[in-house]
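Trainee: Mind folding the following:
(chains A, B, C and D)
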Number of protein chains: 2
Amino acid sequence: MKIEEALKINSGLDLSSKTLINIQYTSRLLEEKFAALLKEHGLSTPQFNVLRILRGQKGKPASLACIQERMVDRSSNTTRLVDKLIAKGMVERRICPANRRKVEIEITKPGLDLLKELDPLTKKTNAENASNLTENELLTLNDLLDKLRNDE
Amino acid sequence: MKIEEALKINSGLDLSSKTLINIQYTSRLLEEKFAALLKEHGLSTPQFNVLRILRGQKGKPASLACIQERMVDRSSNTTRLVDKLIAKGMVERRICPANRRKVEIEITKPGLDLLKELDPLTKKTNAENASNLTENELLTLNDLLDKLRNDE
DNA sequence: ATTATATATTTGTACATACAAATGTTGTAA
DNA sequence: TTACAACATTTGTATGTACAAATATATAAT
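Mentor: Below is the predicted model of the structure:
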């Protein structure tokens, strides 16, 4: 379905506006599907992203600022996100001894296990959600998005 | 900046996953810029979208369900969104006489005036945010997104 | 007519987000 | 060494979102 039909846009919207709305609408649909998968395992999308980032640290603990830099979605209040993950036993937090303003956050064994369980499922879901496009089309789409963003 | 650099993704992420993350990351950046513009005029993005949809009705009042269908972003609790807009005097709500389960929501003169004021600004912002792509690239991007979504 | 089912919206609750202000820590300049 | 600015995180408050349950009205079945 084209974006005009999906959102029942009748009026003459200019191409730039239409494209930006299309990106946001598509993004929302993808996010909904992904969130549904994570929910079965008791995680929200931002919580999953924090775990994924921490695993990427390969043992090296991350500060809050370090996590925020790498988050896909808006991460206002990473403090409270981490609070939730601590409550679930997925991560640990301690004050950085070298710089007591900072905080060292690390993923726990149960957190790693959960990610390992999710790995094939997220990969499968993403593959399904992208299955309408060929490899070349995916490459083009990536390039266009990278180019679109190119300034900030 | 490519998506790998932007999110400092080191590990080998498959193309499908990378593309979907790229869409969501780009969407978030666009949304942030747009929200900043609206905020200067006292509106949130969902509130703006409701007003835009109501104007599209051209005088014909819309039910809640009708608004939800057309919303770009998730619209959980359109009731309370409309509450806020009523408090700002931008819309009116009354029970539909023909079907008392439904509600008729209509944009007010001040709501229309605000949209009119925003029209050139949103168009300008969108044009700027899409300015890195040529017309052909924008068309391609639209097509790829439409194709990607094609099933649900 | 009475009951059941479907439709449309509202309300409640938990959680997430935005943003400003507060807290505590470190580095630096007089 | 004291004062001040910069940094890193936390806390407060208002708003937004997700989702289930509640309410109210309309339609259908017996």
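
Trainee: Show me the helices in chain A, by range?
Mentor: Secondary structure of chain A, counting by DSSP state H: helices at A:3-6, A:15-39, A:45-56, A:64-70, A:78-87, A:109-129, A:135-149.

Trainee: Which residues does the first one contact?
Mentor: Okay, so that is helix A:3-6. The contact list for helix A:3-6 (CB atoms under 8 Å, 6 or more residues apart in numbering or on different chains) reads A:9, A:10, A:13, A:18, A:21, A:22, A:25, B:142, B:145, B:146, B:149. For every residue, glycine as well, the C-beta is placed using N, CA and C.

Trainee: Run the contact check for stretch A:14-34 versus DNA strand C.
Mentor: No: applying CB under 7 Å from any atom of the strand, one finds stretch A:14-34 separated from DNA strand C by no less than 9.9 Å.

Trainee: same question, stretch A:41-52
Mentor: Yes: with CB under 7 Å from any atom of the strand as the criterion, DNA strand C is reached by stretch A:41-52 at A:44, A:46, A:47.

Trainee: Name the nearest residue to residue A:144, ignoring sequence neighbours.
Mentor: Leaving aside its sequence neighbours, residue A:144 sits nearest to residue B:141 (CB to CB, 6 or more residues apart in numbering or on different chains; 4.8 Å).

Trainee: ugh, typo on my part, it should be residue A:110
Mentor: In space, residue A:110 is closest to residue A:89, 5.3 Å off (CB to CB, 6+ apart).

Trainee: need the contact list for the one you found.
Mentor: A:108, A:110, A:111.

Trainee: among the helices of chain A, where is the model least confident on average?
Mentor: For the helices of chain A, the weakest mean pLDDT is recorded on helix A:3-6, namely a mean of 82.

Trainee: Buried residues of it, list them for me.
Mentor: For helix A:3-6, the neighbour count (16 or more other CB atoms under 10 Å in any protein chain shown) marks A:3, A:4, A:6 as buried.

Trainee: And for stretch A:114-124?
Mentor: Neighbour-count burial for stretch A:114-124 [16+ other CB under 10 Å]: A:114, A:115, A:118, A:122.

Trainee: you'd agree the last one is up against residue A:40?
Mentor: When you say that, I think you mean residue A:122. No: using CB atoms under 8 Å, residue A:122 is not in contact with residue A:40; the gap is 11.6 Å.

Trainee: contacting residues for residue A:47?
Mentor: Neighbour list for residue A:47: A:38, A:81, A:84, A:85, A:90 [criterion: CB under 8 Å, 6+ apart].

Trainee: Make CSV out of the residues you listed and add distance to DNA strand D and neighbour count.
Mentor: Below are those laid out as CSV (distance: CB to the nearest atom of the strand, whole Å; neighbours: other CB atoms under 10 Å in any protein chain shown):
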residue, distance to DNA strand D, neighbour count
A:38, 10, 19
A:81, 9, 21
A:84, 12, 15
A:85, 12, 24
A:90, 16, 24
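
Trainee: What degree of burial does the closest residue to residue A:79 other than its chain neighbours show, as a neighbour count?
Mentor: Among residues not flanking residue A:79 along the chain, residue A:64 sits closest, at 6.6 Å (CB to CB, 6+ apart). Residue A:64 is flanked by 19 other residues according to other CB atoms under 10 Å in any protein chain shown.
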